[in-house]
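Peer 1: need the 3D shape of this:
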Amino acid sequence: MRPMKLNEYRQKRNFAATPEPQGGGSVEKKGKGSLIYAVQKHMATHLHYDLRLEWGGVLLSWAVPKGPSLDPAVKRLAMQTEDHPVEYADFEGVIPPGQYGAGTVMLWDRGTWEPESPDVDASLKAGEIKFTIYGKKLQGSWVLVRSHGLGGGKNPLRSAWLLIKHQDQYASTKDVEQDEPRSVASHRLLAEIARDGGGDVEKASLGDPASKGAPATSVKSGPGRSRRRKGIS
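Peer 2: Numbering: from 1, shown residues only. The predicted structure is shown next:
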């Protein structure tokens with residue numbers, strides 16, 4: 001267990017204002033394997049996908065700006081962020097304005113994972129983590145490789161990694177973010193999660209493919225005002 005690892009996470013958040021979990025509990029294991037895996041689609045300042053892998057009593061976390069790719073030829077930037085509590089793997093909703101990470105969060109994928117090497121701490125230190133995902137949208141063999149030439153500096157929690165799909169039966173050129181845009185927990189789009197949680201529907205809708213049943217083209221953006229929804233190609 002690494003409870004001290006949640007200090008940064010907790011210091012950034014006001015739990016009287018945000019619905020995010022503070023940590024200290026547990027979650028039910030689901031599916032093959034014993035370690036939790038999750039990806040959250042997060043429309044904050046910019047749209048990104050948060051990859052989370054349970055280890056040492058917390059969720060190791062990386063922000064993937066363009067989301068995971070099923071194509072082994074595509075290397076996706078993944079910026080390591082602070083560890084999150086394991087309960088975060090169930091979180092979906094709206095982080096209020098003024099709070100860290102304010103915006104709409106979707107539980108985009110969830111399942112379990114297995115490291116290729118049992119010593120994940122050593123793999124983290126070495127800068128290469130090979131693992132297998134058993135998710136609803138992502139499956140098969142993957143690798144995270146630290147990229148010393150990108151971002152981060154001397155802060156290990158700001159280091160840049162590359163997320164790469166290995167060549168196996170689950171590899172594909174399919175655009176999984178566009179083809180499967182809905183929550184695995186509620187089957188909602190980002191805009192629907194924002195609507196139900198009192199969030200910014202217009203901003204959230206920018207993360208939904210226009211061809212996948214996005215909400216109305218006009219939404220309220222303030223008293224007496226409305227703006228046209230921009231399409232996403």
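
Peer 1: in the protein, which spans are strands?
Peer 2: Along the chain, counting by DSSP state E, strands occupy 35-43, 47-55, 58-64, 75-85, 93-95, 103-115, 128-135, 139-146, 160-165, 218-222, 225-228.

Peer 1: now those strands in TSV, with distance to residue 205 and mean neighbour count?
Peer 2: From N, CA and C alone the C-beta is placed, and that goes for glycine too. Formatted as TSV, these follow (distance: least, C-beta to C-beta, whole Å; neighbours: other C-beta atoms under 10 Å):
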stretch	distance to residue 205	mean neighbour count
strand 35-43	9	24
strand 47-55	11	23
strand 58-64	21	22
strand 75-85	24	21
strand 93-95	14	21
strand 103-115	9	23
strand 128-135	25	19
strand 139-146	29	19
strand 160-165	26	21
strand 218-222	7	12
strand 225-228	11	10
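
Peer 1: can you put the ones you listed in CSV and add mean pLDDT and distance to residue 174?
Peer 2: Shown next, in CSV, are the strands of the chain (pLDDT from 0 to 100; distance: least, C-beta to C-beta, whole Å):
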stretch, mean pLDDT, distance to residue 174
strand 35-43, 98, 16
strand 47-55, 98, 16
strand 58-64, 97, 17
strand 75-85, 96, 15
strand 93-95, 98, 28
strand 103-115, 98, 14
strand 128-135, 98, 15
strand 139-146, 98, 12
strand 160-165, 97, 11
strand 218-222, 39, 30
strand 225-228, 36, 30
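
Peer 1: for those, which one sits closest to residue 183?
Peer 2: Residue 183 sits nearest to strand 103-115 of all the strands of the chain, at 4.8 Å, using C-beta to C-beta.

Peer 1: grab the most central residue of this structure for me.
Peer 2: Compute the mean C-alpha point of the chain, and by C-alpha atoms, centre = their mean the closest residue is residue 50, 2.0 Å away.

Peer 1: show me the contacts for the closest residue to that residue other than its chain neighbours.
Peer 2: Excluding its sequence neighbours, the residue lying closest to residue 50 (C-beta to C-beta, 6 or more residues apart in numbering) is residue 40, at 4.5 Å. Residue 40 makes contacts with 49, 50, 52, 88, 91, 92, 105, 106, 107, 108, as judged by C-beta atoms under 8 Å, 6 or more residues apart in numbering.
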